[in-house]
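Enquirer: give me the fold of what follows.
(chains A, B and C)
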Amino acid sequence: MKPLLHVENLSIRLPKGADREFAIRNVNYELMPGELLCVVGESGSGKSMTANAVMGLLPKVIEVDSGAVTFDGFDLTSLEERRARALRGNRISMIFQEPMTALNPLMRVEDQISEVFLIHTAMSATERHDRTLALLEDVGLPDPKKMLRAYPHQLSGGQRQRVMIAMALALEPAVLIADEPTTALDVTTQAQILKLIKELQHKHNTAVMFITHDFGVVAEIADRVVVMEKGEMVELGKRDEVLNHPQHPYTKKLIAAVPPLVSPQREVSVHQEAPILQVKNLCKTYTTGGSWFTKARIVKAADDVNFELHRGETLGLVGESGSGKSTVSRCVVRLLEADSGQILLAGNEIQSLNSKQLMPFRKRIQMVFQDPYASLNPRKTIGQIIADGPIAQGMPATDALAKAAELLELVELPKTALDRYPHEFSGGQRQRIGIARALAHDPEVLVADEAISALDVSVQAQILELIDVLKKRLNLAVLFVVHDLRVAAQVCDRVIVMEKGKIVEMGETSQVFEAPIHEYTKSLIASIPGAHWRSGVEDNQSIEIMEAQV
Amino acid sequence: MSVQTLLYIGGRLVKGAAVLLVIAIFNFFLIRMAPGDPAQVLAGEAGATDAIFLQQLREQFGLDQPLYYQLWIYVSNLMQFDMGITYRQQMPVFDLIMDRMPATLLLTGAAFLLSLLLGILAGVVAAAKHRKWADSAITVAALIFYATPLFWLAMMAALFFSVYLEWLPSFGMQTVGQDLTGWQKVTDIALHLILPASTLGLFFTAVYARMMRTSMIETSRLDFVKTAKAKGMKPSRVTTHHILRNALLPVVTLAGLQAGQLIGGAVLTETVFAWPGIGRLMFEALFQRDYNLLLGVFFVSSAMVVIFNLITDVIYCVVDPRIELSK
Amino acid sequence: MNVIKSLTQNKVAMVGFGILFMFVVIALFGPYLYDGSPWRMVQRPFLPPFQNSNYILGTDTLGRDVLAGLIYGARISLLVGLVSTTIALLIGIPLGAYAGYYGGWVDEVLMRFTEIFQTVPSFALAVVLVAIFEPSVYSITGAIAIVSWPPVARLVRGEFLSLRSQEYVLAAKLNGQTNRNIIMREILPNSLSPIIVLASLMVASAILLESSLSFLGLGDPEIMSWGYMIGAAKTVIRQAWWLSFIPGIAIAITVLSLNLLGEGLNEALNPKLSGKRES
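Expert: Residues are numbered from 1 along each chain as shown, chains lettered A, B, ... in the order given. You can find the predicted model right below:
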C-alpha cells in the first residue's frame, strides 16, 4: 500500500534566540490510508509542528528548513499557496485542542460548517444546507435542526468539538489531523469523542494523524505510534509494540510515568485517633446572571457533603469539571465561604470563625495549587515566597528565612534558589516551591488542588512521589483533588467521587475502582482511555519497565 | 422585539435617568459653591445688575427657602427641562439650547461617522500590512493627529483651505445674506460642514485607527482564525469574514464610550469655525459669564451622551450574540 | 533591569524621551537662563520670526516676546500635566483597587460612581468647573484631575479583579496575610505596568486639556501658557499665522514625545513575566 502522507527528513527551524535551533529535525514517518497514527510527546517536543506545516499554520518566523511532506505526489512544504489551499479543509483537514475558542463566536454553526462547501465546491445554498444538516446528524449532535441556528457559546465543549469534527469531515478528506482534540474535555466526553473519531474513521476510511500527550489515549485508539522528544523522532512502531516493548529510553521513561490503573495493595489502616478534618453537611450554591428582570441560575456546587480525613491518609476527591470538587476543597481551607455546614479541624469548628479568629488555624491547613505559573508571585524571590507565611504568623524574619532554606532542601531544590525569582524555574520546580510554601507552616492537613494536572507526565510522577514521601515523613493528612483517575488510583488510600455537588460514592480506592457501585462511578471508570492497558497484574512488561526505571 | 430586549432597554433608560439625576444635583451644588450670591451666579454677568430679574430668579428657584427645598425645585425643574431664562437673550435656556442642537448633531454625527469609517479602514489596512511601510505611515499619521491640539488643527485647516487656497468656507453654517433653498441650501451647508467635521473627525480617526489596528492584530492570533485558515480559505476571506467582525466589537464599544469626548471636541471646533451649535453656545456663555446657560448646556450635552450610549448598547446586543440582555 | 534595557533599545521611545527631557530642562531652567518676561512689551507688535536676533521667534499682538512665552508655557504645561495626573492616580488607584479587590456591593457602588464621571462629557465638565471656581492654576489642575481619574479606576479595578483570584494571592490569604498586605505587596506591584503606561499617556492628554482650556480663555490670568498664546492670536490669524502656529507645534511635539514614550513603555513592560510556553 502506498502511504497517503509521507514525511521525509523534515526539519523546521526556530527563530534565533529560541531555546533550540530546530523545532523538529530529520523527522521521517508515513501515514497509511485508513490508519490512525498517534504522534506522542510532552510539551515542547515539537509534536504539532509537522501538522502545522502541512496546514500552513506555522507562525511567520518559523520556517521549514529542509525535507518534504508529500501528499498525492506534491510536496506540501513547497507547494504553491493557492494549490495548497485547495487541499486544506478539502483533502486534508484539522481539528484543534480548545473547542471553546476554535469556533468563530459571531457565526452560527451552520454558516461555519457550510463555509467549507462554499470554498471548495459549487454546491447551491440548499445543497449546502442539506449536507450540513446531515453532517450534524452524523456526528451525533442532538436536535441538529436547532443546532444549525446555534452560536458556539450556546454549546458545551463536547458539542463544539463535534461541530469541529463535522466541519473537518465535511468533504470526506483523505487525511484528518487531530491536535490534542480531547485534552480540554472531561473524561466521559473524551471517551465519546474518541469513539466518534474512531467510528467516522472506519466509516469513511480516513487516515488520522492524532497528536496527543496521553498514553492512555494512544492505547485506546492508535494503530501506530510516533514518539517525539525535543524535536527528534525517537521511536516509531505498532501500538502494542511501543506500549509493551518500548525500545528508546525516553519512551520507556514516559510509559513508566503513566500510573497503572490498578491501585497498589495498601494496608488498611484502622484509625485509632479522632479524624483531623471533619466536614459535615457542607453546602454551597452559586447564583449567576440574575438581575432585576431575569431569573438567576442557581448551581449547587456542594450539596450536603460529608467526609472525614485522618492523619497519614490520602483522600482523593474525584470528579469532572463542575462536580464541585474544587469548591469543596476551597471551602475546607476557607478560601470560599460555605453557605451552611460545619468544618472541624482537630475538633475545632472553623467554618463560623471570622478572619481574626481563623488566624491560628490557617497554618494548620494549607494548600498546594494547580497552576505552577500562577501560584508564585512573579515579583518576589523564592525566599520571600516561602518565608512570608511564617512571618505573617509572627515568626522573626531571620528564622523564617532559615526555615525556608531547610524546606528547599526537603523538596529537593538547591539553597541558591532562595534569592532567585519564579520565572527562572521550570513548572515542576515551581510546584516544589509551592509545596515548600505550604509546608512552611508545619500544617497537619495539606489540600492539593489538581496540583499535578498542569505538568508533563514525567514531572507528574516526581511530584506525586515527593508528596507521598512528605506525607509519610510528616504524618500529613492529604486531601487530593484530582480529575485524573489513574493518578487517583495510584496515590489515594480512599476516594470520594463527586457529581454535580453531591458525593455519589466513597470508599477504599481499590474497592471503588474494582467494584464501583454507583452508575456514575462506573461510567467514569469505563471512560478512562486505554483502561485495558496496564490495568492488570498480568501485564508483567510494565512492572519490568518500572523496575528498569528505578 | 422580544420582551427581554424591551426590559433591557427599560433598564438602561432607568440607569441613564439616574445618571442625569446625579448630574442635576451636582449642578445645583456647583452653583452654591461658586463665589458670590447664587442669584447673581444664576443671573450671569448681564443680568446681575437688574434687581427685578434677580428677584424673579430668587422666586423661581426658591432661593429664600431652605436648601433641601431649593434642591428639590432645581432638580425637578431640570428634569422637566426648565432651566430658567437667560437675561441677555431673554429666552428660556432650554429653548436656546434646542435651537442650537441640530447644528451640533449634524457636526458631531458627521465627524463620528467619518472618523469611524476612516479609522476602521486605516486600522484594517495597517494591520494587514503589519510591519510594512503602509503600516508605519498610518501609525505615524495616527500618532501625529493624536498629539495635535484639536483647536489648533482647526485653525490651521481654516488658514490653509479657506484663507490661503480659498476652497472652503470656514465661518458659520451657511453663507450670510443669501436665502438659499432646496438643494442649494443643502450644498451650502455641506460645504460649510467639511472643515469643522473633518478636523473634529481627524483626532478621533487617529484614535479609532490605533484601536482597530491593535484589535485586528490581536484577533488574528485567536484560535478560530486558525480554524478558518485550516478550512483552506483565502487570506482575504479570513480577514473579512472572521477577523474583521470580531475585531470591530471592542472598537465599537470604545467608540460608544468616546461620545462624551466628541461633545468636548465640538466646543473647540464650533468656537474656531463659529459653527452655531451648543458648543459655540457654551463658549458664548463662558464669555458672558452666564453660568445658568453654561450649566444648562452641560446638562443637555450629558443627556446627549446618555442617549448615545443607550443607542450603542442596543446596537451592540444586536451585533454580538453572546451579550445576554440581563446584564 | 530588563525593562530599562528594552526601553533604551527602542529608538522611537528614546527620541520621545530625549525631546521630553529637553522640554523638562527648558521648563526648569529656561526662565533663569533666558532673560525675558512673557508679559513685557519689548518690540513693535507683529514682529515676524527670524527678523530680529534678540527676539528670534518675533513678537505677538502686543509686542511681547514669543520665545519667552514658549519657555514659560512649557513650565505650566508640564506642571499641570504632572500634578493633575498624580492627583488622578491618587484618586483612581485606591478606588479601583478597593472595587476590584473586594468586589460585591463595594465594587457596585464605586463603579456606578465612576460610570457617572465617565458618562459626563469630560471637557465640558472641566470647562464648567474652571469657570465656576474662577480660572487659576489650582482650579485648572483640579478640574483636569477630576475628569481624568475614571480610566485609572477602571484599569486598576480590572487588574485587581483578575489578579485577586490568582493562586499566589490565594496562597497569601492562606498564609494569613492582612488584606492591606495582599493589596499592597501581592497585587499592586503586579499591576503597576499598565498603570505606568496609562500615566504617561494621561500626562499627554492633560497637557492637551490644559491648552484647550487656556485657548477658550480659561487659563490662569497670571500665567503665560501655550493655549492662551494660540487663543490670543486667533483673531489675527490672517495677518500673523505664526503666532498661533508656533505654540501649537510646541504642544504637538510635547504630547507626541509623551505618547512615544508611553508606547515604548508599553512594549517594554508588556511581555509577560511568567515564561509560559506553548507546546
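Enquirer: C-alpha from now on. contacts and neighbour counts both.
Expert: Noted.
Enquirer: which residues of the stretch 101-250 of chain C lie near chain A?
Expert: Proximity of the stretch 101-250 of chain C to chain A (CA under 8 Å from any CA of the partner chain) is limited to residues C:166-177, C:186, C:189-190.
Enquirer: who wins for neighbours among those residues?
Expert: The most crowded member of these, judged by other CA atoms under 10 Å in any protein chain shown, is C:N175 (27 neighbours).
Enquirer: and the residues of the stretch 101-250 of chain C next to chain A near chain B, which?
Expert: Okay, of those, nothing touches chain B (CA under 8 Å from any CA).
Enquirer: inside helices: which ones of those residues?
Expert: Residues of those located in helices (DSSP state H): C:E167, C:Y168, C:V169, C:L170, C:A171, C:A172, C:K173, C:L174, C:P189, C:N190.
Enquirer: by mean pLDDT, which helix or strand of chain C comes out lowest?
Expert: In chain C, the helix or strand scored least confidently by mean pLDDT, DSSP states H and E is helix C:2-8, which has a mean of 76.
Enquirer: how about residues contacting that one?
Expert: If you take CA atoms under 8 Å, 6 or more residues apart in numbering or on different chains as the criterion, helix C:2-8 is touched by C:A13, C:M14, C:G264, C:L265, C:A268, C:L269.
Enquirer: for stretch B:62-70, what is the distance to the chain centroid?
Expert: Distance, stretch centre to chain centre, for stretch B:62-70: 34 Å (CA atoms, centre = their mean, to the nearest Å).
Enquirer: state the mean pLDDT of it.
Expert: For stretch B:62-70, the mean per-residue pLDDT is 81.
Enquirer: again, but for stretch B:177-196
Expert: 83.
Enquirer: contacting residues around it?
Expert: With CA under 8 Å, 6+ apart, stretch B:177-196 has contacts from B:107, B:154, B:157-158, B:168-175, B:269-270, B:273.
Enquirer: what pLDDT does the closest residue to chain C within the stretch 201-327 of chain B get?
Expert: Per CA to the nearest CA, B:G260 is where the stretch 201-327 of chain B lies closest to chain C, at 4.0 Å. In this model, B:G260 is scored at 79, pLDDT.
Enquirer: measure how buried it is and give me the count.
Expert: 25.
Enquirer: wouldn't it be in contact with C:I116 here?
Expert: No. Using CA atoms under 8 Å, B:G260 makes no contact with C:I116, being 11.6 Å away.
Enquirer: A:I496: which element?
Expert: Secondary structure from DSSP states H and E places A:I496 in strand A:494-499.
Enquirer: let me fix that: A:K198
Expert: helix A:187-204.
Enquirer: I would like the residues contacting that helix, please.
Expert: A:34, A:139, A:158, A:161-162, A:172, A:182-183, A:206-208, A:221, A:320, A:523-524, A:527-529.
Enquirer: just the buried ones from the residues you listed, in PyMOL syntax?
Expert: Burial among the contacts of helix A:187-204 is assessed by 16 or more other CA atoms under 10 Å in any protein chain shown; the matching PyMOL selection reads:
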select buried, chain A and resi 34+139+158+161+162+172+182+183+206+207+208+221+320+524+527+528+529
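Enquirer: A strand includes A:V481, no?
Expert: Yes. Counting by DSSP: H, G, I helix; E, B strand; the rest coil, one finds A:V481 located in a strand.
Enquirer: near chain A, which residues of the stretch 1-150 of chain B show up?
Expert: So the stretch 1-150 of chain B meets chain A at B:L7 (CA under 8 Å from any CA).
Enquirer: show me which residues of the stretch 1-150 of chain B sit near chain C.
Expert: So the stretch 1-150 of chain B meets chain C at B:19, B:22, B:30-31, B:33-35, B:143-144, B:146-149 (CA under 8 Å from any CA).
Enquirer: list only buried entries from those.
Expert: By the neighbour-count criterion of 16+ other CA under 10 Å, the residues of the stretch 1-150 of chain B next to chain C include these buried positions: B:V19, B:L30, B:I31, B:A34, B:L143, B:I144, B:Y146, B:A147, B:T148, B:P149.
Enquirer: now render those residues as JSON lines, adding secondary structure and pLDDT.
Expert: Shown next, in JSON lines, are these (DSSP: H, G, I helix; E, B strand; the rest coil; pLDDT from 0 to 100):
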{"residue": "B:V19", "secondary structure": "helix", "pLDDT": "87"}
{"residue": "B:L30", "secondary structure": "helix", "pLDDT": "86"}
{"residue": "B:I31", "secondary structure": "helix", "pLDDT": "83"}
{"residue": "B:A34", "secondary structure": "coil", "pLDDT": "78"}
{"residue": "B:L143", "secondary structure": "helix", "pLDDT": "87"}
{"residue": "B:I144", "secondary structure": "helix", "pLDDT": "88"}
{"residue": "B:Y146", "secondary structure": "helix", "pLDDT": "87"}
{"residue": "B:A147", "secondary structure": "helix", "pLDDT": "89"}
{"residue": "B:T148", "secondary structure": "coil", "pLDDT": "91"}
{"residue": "B:P149", "secondary structure": "coil", "pLDDT": "91"}
